[in-house]
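J.: all I have is the shape, not the residue letters:
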């Protein structure tokens, strides 16, 4: 790899422009953007017009371009671009978590076949270097668990519900106005973005290949003011948490779900658009990583870190996938949950191992009980618009 990198940039949105500006003003990085592929040529942009093209092949088949930096939203198009770039023996940096989550085994095989690197720190938790830490610092340590707030939009909404006493719709509107949520925020609030990231983290934490569709995910759209009131009365906060933890020598449980968190817990200190990840290991005990999870500069920071790493030939080694001890996903795990529901909601009580508490009131109903993860995965009622599901796992003590 040449010490100076010529870059082909795919996409010039908020993050793409941020990367361009930093590289332009930081010659010490020894990286230059030679060409930028865009979708809409008539849009006004803060860069010389001769840099832009609508033909991505100009970048993919240019022998002077060493690195493709892919920063577009469309996961299907991104997959085609990244696959072709690897086949052209170009190094690749990507921030597309959905594309990576759904195609990671194939992309790993391609980078090994063509002896190039694929880095994607920016795809998970923005400025927090979680993947690099899992690959390097925890490469041989026996990790027991990873849990975290990995989506800044939902965390902002939940913070506003808690601290400003806003309804979900009001908090979502505010998040959109401030640029923390998209005009169509379903990927965030339904937990889809978080489960895509969790799929990637599983690979680097336990060496497990799992599609997002294999993992339970429940978002925050059904959380009501009565749920927030219950949490406040019990001294909890509600956070959307991505979890993966060992339950035996060879089995790991993994899911995304709202969770009651005690005020003393580290994740309770993660407010607004910030992310926080808690790691539990045999040797290092607990480590907590915290930082901004989205936005132009946090994401650009991760992209630039990957570009810099390519100058010395860095690549992920996926050591946990090569260990003798292999982990597999298990759904045979008993969850303690709080379920609130409106009149007419089709809650199947027979799905629960036990119901420890049940309340019926004028403003709604709730129950607290134990249910197996496998039964939750098959329960149609958790997708009912009148049902809110929140985990009670020791009220969020991280164990």
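T.: In hand now; what should we look at? Here the structure is a predicted model, which is why all the values come from computation and not from measurement.
J.: average pLDDT for whichever strand or helix holds residue 356?
T.: Using DSSP states H and E, residue 356 sits within strand 352-361. The average pLDDT for strand 352-361 rounds to 93.
J.: tell me the strands beside the next helix or strand after it, with direction?
T.: Downstream of strand 352-361, the next assigned helix or strand under DSSP H and E is strand 364-372. Next to strand 364-372 in the sheet, as set by DSSP bridges, lie strand 334-341 (antiparallel), strand 352-361 (antiparallel).
J.: looking at those, which is nearest to residue 9?
T.: strand 334-341 (43.5 Å; Cβ to Cβ). (C-beta placed from N, C-alpha, C; glycine too.)
J.: quick check: buried residues in that closest one?
T.: Within strand 334-341, the residues scored as buried using 16 or more other Cβ atoms under 10 Å are 335, 336, 337, 338, 339, 340, 341.
J.: and of those, the nearest to residue 378?
T.: The closest of those, once distances to residue 378 are taken by Cβ to Cβ, is residue 335, at 13.6 Å.
J.: so that closest one makes contact with residue 376?
T.: Yes. Counting by Cβ atoms under 8 Å, residue 335 does reach residue 376; the two are 6.7 Å apart.
J.: show me what residue 149 bridges to in the sheet.
T.: residue 276.
J.: that one against residue 240, yeah?
T.: Yes. The pair residue 149 / residue 240 is scored as a contact, 6.7 Å apart, by Cβ under 8 Å.
J.: which residues do those two both contact?
T.: Common neighbours of residue 149 and residue 240 (criterion: Cβ atoms under 8 Å, 6 or more residues apart in numbering): residue 155.
J.: pLDDT below threshold where in the protein?
T.: Residues of the chain that meet the criterion pLDDT under 70 lie in 1-3, 140-141, 183, 394-399.
J.: show me the helices in it, by range?
T.: 14-25, 57-60, 75-87, 97-113, 130-132, 152-163, 168-177, 186-189, 192-206, 225-234, 296-310, 319-322, 373-378 (DSSP state H).
J.: so can I have a markdown table of the strands paired with strand 364-372 showing distance to residue 271?
T.: Output for the strands paired with strand 364-372, formatted as a markdown table (distance: least, Cβ to Cβ, whole Å):
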| stretch | distance to residue 271 |
| --- | --- |
| strand 334-341 | 22 |
| strand 352-361 | 29 |
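J.: closest to residue 277 out of the ones you listed?
T.: Per Cβ to Cβ, nearest to residue 277 of these: strand 334-341, 21.0 Å.
J.: tilt between that closest one and helix 225-234?
T.: With axes from the mean of the first three to the mean of the last three Cα atoms, to 10 degrees as the basis, strand 334-341 and helix 225-234 are set at 130 degrees to each other.
J.: contacting residues around strand 334-341?
T.: By Cβ under 8 Å, 6+ apart, strand 334-341 touches 224, 226-227, 230, 260, 347, 353, 364-373, 376, 384, 386-394.
J.: can you rerun that using 6 Å?
T.: Applying Cβ atoms under 6 Å, 6 or more residues apart in numbering, the contact partners of strand 334-341 are 227, 347, 364-368, 370-373, 386-392.
J.: likewise stretch 5-13?
T.: 16, 31-38, 45, 59, 64-72, 81.
J.: just checking, which of those residues belong to strands?
T.: 31, 32, 33, 34, 35, 36, 37, 67, 68, 69, 70 (DSSP state E).
J.: the second one: what's it in contact with?
T.: Under the criterion of Cβ under 6 Å, 6+ apart, the contact list for residue 32 reads residue 6.
J.: so how far is residue 190 from it?
T.: 40 Å (Cβ to Cβ, to the nearest Å).
J.: could you do the first one as well?
T.: Taking Cβ to Cβ as the measure, residue 31 and residue 190 are separated by 37 Å.
J.: burial count for the nearest residue to residue 151 once chain neighbours are set aside?
T.: Using Cβ to Cβ, 6 or more residues apart in numbering and skipping residues adjacent in sequence, the residue nearest residue 151 is residue 194, 4.7 Å away. Residues lying near residue 194 (other Cβ atoms under 10 Å) number 27.
J.: and the gap between residue 194 and residue 122?
T.: Applying Cβ to Cβ to residue 194 and residue 122 gives a distance of 16 Å.
J.: how about residue 383?
T.: Taking Cβ to Cβ, one finds residue 383 at 31 Å from residue 122.
J.: which of the ones in strands among the contacts of stretch 5-13 ranks first by neighbour count?
T.: Going by other Cβ under 10 Å, residue 69 tops those with 32 neighbours.
J.: that one pairs with what?
T.: Going by DSSP bridges, residue 69 is paired in beta bridges with residue 9, residue 93.
J.: how near is residue 191 to residue 382?
T.: For residue 191, the distance to residue 382 equals 11 Å [Cβ to Cβ].
J.: list the contacts for the closest residue to residue 286 other than its chain neighbours?
T.: In space, and not counting its chain neighbours, residue 286 is closest to residue 280: 5.4 Å by Cβ to Cβ, 6+ apart. Residues near residue 280 by Cβ under 6 Å, 6+ apart: 144, 145, 286.
J.: as TSV, these with neighbour count and distance to residue 267 would be great.
T.: Listed next are the contacts of residue 280 as TSV, based on neighbours: other Cβ atoms under 10 Å; distance: Cβ to Cβ, whole Å:
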residue	neighbour count	distance to residue 267
144	18	17
145	20	13
286	12	12
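J.: so of these, which ones are in strands?
T.: 144, 145, 286.
J.: you'd agree residue 319 is up against residue 138?
T.: No. The pair residue 319 / residue 138 is not scored as a contact, 9.6 Å apart, by Cβ atoms under 6 Å.
J.: pick out whichever of the two has more residues nearby.
T.: residue 138 (20 against 15).
J.: residues in contact with that one?
T.: Applying Cβ under 6 Å, 6+ apart, no residues qualify as near residue 138.
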